[in-house]
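Participant: make a model of this:
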Amino acid sequence: MTFSVSFLGGLGEIGANCTIYETSNSAIIVDAGLKFFQHDYLGLDYTIPDFSYLESIRDKLKAVVITHGHEDHIGALPLLFKKFQIPLYAGNYSTRLIKHKIAESKYRPKSFNIFEDGDILTFDDITIEAIEITHSIPDSYFFLIKNKNDRFLHCGDFRVENSPIIGKSFPWNKISSLRNQIKAVFVDTTNIYDEHISKEETTLYDELLESIKQAPGKVFITTFSTNISRIKLIIDAVNEAGKKLVIDGNAFNKNINIARDLSYLSIPENLIIPIEHIDRYEDDELCFLTTGCQGESNSSLSKIAAREKKKIKIKSGDLVIFSSKTIPGNEKNVNKIKNAIYLQDGFIKDNIHISGHAVQQDILRLIDEIKPQFTIPIHGEVFNQKTLERLLKDYDYTETVSLLNGNKIIFTSDTYTIKDIPNGVIYIDQRNMQEYDEELFREKKYIARDGVVIIHIKNNNIIIDTLGFKNTPELDIKLKRYINEQMTITKNDTIDLDIRDLLELSVRKFYKKIWDRKPIVKIYLEENIYGNI
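Facilitator: Numbering: from 1, shown residues only. Below is the predicted model:
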């Protein structure tokens with residue numbers, strides 16, 4: 001019996017994680033995430049994997065199983081359920097986040113199923129054992145995936161902590177028990193280039209506390225809203241510093257409420273105050289927990305920095321703490337906020353943060369403990385994947401296989417083959433959940449970069465309008481002359497082609513030659529278009 005693993009997202013990139021484990025009878029989807037889109041001027045918010053391949057195995061799909069609740073692992077679920085109504089399996093915290101996420105969508109999974117550490121999930125000839133691990137969000141898991149002949153370990157995002165604030169310590173004993181039993185390990189490579197020694201989340205507390213205590217004015221703290229361990233540290237530090245905490249941002253309110261319901265957080269009485277009461281306190285008595293650590297334009301911190309909030313302003317002496325790492329691609333948006341803070345004489349403190357992803361030595365230790373036959377780098381750009389491959393080149397017990405989205409690796413007894421599957425990206429405008437395929441996306445890029453030319457022709461009268469750029473009067477004259485020439489050619493041409501298509505192509509060539517741009521061209525023709533030609 002063969003066993004295959006296909007990748008729709010998450011390889012050669014950070015985000016949009018989606019992996020398919022498949023036999024001849026069954027198929028399991030592990031994660032369905034999104035990737036935030038970096039060019040906001042195109043009016044798009046994020047991308048998700050193209051699920052076309054899943055159509056070909058629709059009858060085998062048993063479930064989607066979630067490693068943890070970050071957006072790059074659950075963000076595509078509403079659109080997955082739109083196409084495939086299959087059961088969902090996730091940890092308790094992840095399930096709560098997913099229910100919030102799909103609340104405004106009419107698409108639902110066939111059922112919600114919550115698992116815990118050590119639970120065994122059976123799907124025909126595939127079984128999955130959930131192994132709870134440490135990460136920057138509660139209820140994070142590895143999956144030990146078994147079929148009749150082999151075992152595979154799918155590593156969700158992880159970091160190694162022996163004394164975590166929330167959850168269990170990293171399960172080294174369980175990992176060691178898998179030695180020489182794993183066909184292939186699929187391992188998170190996000191921080192493979194980080195050669196530092198791993199740190200515990202608790203080591204951040206003293207720096208947070210001192211920063212909050214010493215600030216002469218208000219303190220603003222931003223971090224990832226799902227990092228409940230970090231939020232607990234912040235709550236404890238604010239409380240010990242004798243200050244009041246204001247929660248500003250829907251994401252924080254949602255995640256804190258879920259964490260409290262699940263007993264992950266306990267908040268001292270009277271510590272949190274509503275925004276409406278901040279005028280009752282001096283500036284140096286106030287701390288604000290705000291969204292916006294990645295520079296999101298609609299976030300609380302972005303609006304505060306832009307002076308768009310009436311009640312909350314940044315003043316000279318105020319401190320803004322970024323307790324986060326900037327995700328690659330978000331640097332420009334984060335710097336925009338930081339510049340606005342400095343313009344208002346605020347201070348910034350960076351890097352009170354520990355990554356949720358394992359450093360190099362922990363990734364290598366994981367592989368060395370397991371001694372898998374094959375190691376497959378996932379959750380990383382090509383640079384990350386190749387870095388791990390080179391680090392493992394002298395490890396004689398494992399072969400590293402670097403793959404990309406659209407690859408399907410098929411395992412047989414002692415070897416494997418790789419084939420390609422349908423693969424692509426869908427672009428999402430979340431204002432109306434409009435989906436754009438590659439063709440529509442290319443058109444959007446052309447419009448943003450090169451503009452639009454609209455030409456109305458009637459009885460030899462040519463009206464030209466442009467969007468995104470302006471013609472010079474001289475260019476207008478040249479273009480009208482050129483269009484007349486092309487119409488004369490098409491009138492005498494016996495080739496049966498659409499006149500609009502010919503003119504649109506000709507006008508695009510005109511702009512390419514004159515201005516080195518290729519605008520979108522729309523031609524509107526009325527009856528008797530050739531007039532007196």
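
Participant: which residues touch K338?
Facilitator: By Cβ atoms under 8 Å, 6 or more residues apart in numbering, the contact set of K338 is I348. Glycine gets a C-beta too; all of them are placed from N, C-alpha and C.

Participant: also R500?
Facilitator: Counting by Cβ under 8 Å, 6+ apart, R500 has contacts 523, 525.

Participant: flag the shaky bits of the stretch 101-250 of the chain, pLDDT-wise.
Facilitator: The model of the stretch 101-250 of the chain has no residue with pLDDT under 70.

Participant: ranges for the strands of the stretch 351-500 of the chain?
Facilitator: In chain order, the stretch 351-500 of the chain shows strands spanning 374-378, 399-400, 407-411, 416-420, 425-429, 434-436, 452-458, 461-467, with DSSP state E, counting those that start in this stretch as the criterion.

Participant: pull the residues that contact the shortest one.
Facilitator: Counting by Cβ under 8 Å, 6+ apart, strand 399-400 makes contact with 373-377, 388-389, 392-393, all of which sit outside it.

Participant: pairing partners for that strand, with directions?
Facilitator: Sheet pairing for strand 399-400, assigned by DSSP bridges, gives strand 374-378 (parallel).

Participant: and the strand it pairs with with strand 416-420, angle?
Facilitator: Here the directions of strand 374-378 and strand 416-420 differ by 30 degrees (axes from the mean of the first three to the mean of the last three Cα atoms, to 10 degrees).

Participant: low-confidence stretches in the protein?
Facilitator: Ranges of the chain meeting pLDDT under 70: 1, 38-41, 460, 490-497, 527-533.

Participant: pull the longest helix from it.
Facilitator: Criterion DSSP state H: the longest helix present in the chain is helix 473-492.

Participant: show me what it is packed up against.
Facilitator: Helix 473-492 is packed against strand 452-458, strand 461-467, helix 499-515, with contacts defined by 3 or more Cβ pairs under 8 Å, 6 or more residues apart in numbering; DSSP states H and E.

Participant: looking at those, which is closest to K309?
Facilitator: Closest approach to K309 among the helices and strands packed on helix 473-492 is made by strand 461-467 (34.3 Å; Cβ to Cβ).

Participant: so which bits of that closest one are buried?
Facilitator: When burial is assessed from 16 or more other Cβ atoms under 10 Å, strand 461-467 yields the following buried residues: 462, 464, 466.

Participant: same for it, what does it pack against?
Facilitator: Using 3+ Cβ pairs under 8 Å, 6+ apart, strand 461-467 sits against strand 452-458, helix 473-492.

Participant: adding distance to N257 and mean neighbour count, write the ones you listed out as JSON lines.
Facilitator: Output for the helices and strands packed on strand 461-467, formatted as JSON lines (distance: least, Cβ to Cβ, whole Å; neighbours: other Cβ atoms under 10 Å):
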{"stretch": "strand 452-458", "distance to N257": "46", "mean neighbour count": "18"}
{"stretch": "helix 473-492", "distance to N257": "59", "mean neighbour count": "14"}
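
Participant: in the sheet, which residues pair with the closest residue in space to F441 that isn't next to it in sequence? Tell me.
Facilitator: Excluding the flanking residues, the one nearest F441 by Cβ to Cβ, 6 or more residues apart in numbering is Y427, at 5.0 Å. Note on Y427: beta-bridge partners by DSSP bridges are T47, Y436.

Participant: contacting residues for Y427?
Facilitator: Applying Cβ under 8 Å, 6+ apart, the residues near Y427 are 37, 44, 46-47, 435-437, 440-441, 444.

Participant: give the buried subset of the residues you listed as a ChimeraX selection command.
Facilitator: Selecting only the buried entries of the contacts of Y427 in ChimeraX, with 16+ other Cβ under 10 Å as the criterion:
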select :37,44,46,47,436,441,444
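
Participant: closest one of the contacts of Y427 to F84?
Facilitator: E435 (15.3 Å).

Participant: and that closest one, how close does it get to K325?
Facilitator: Going from E435 to K325 by Cβ to Cβ, to the nearest Å gives 30 Å.

Participant: try D345
Facilitator: The gap separating D345 from K325 is 26 Å, by Cβ to Cβ.

Participant: these two: which is more packed in?
Facilitator: Set side by side, D345 and K325 show more neighbours around K325, with 19 against 12, by other Cβ atoms under 10 Å.
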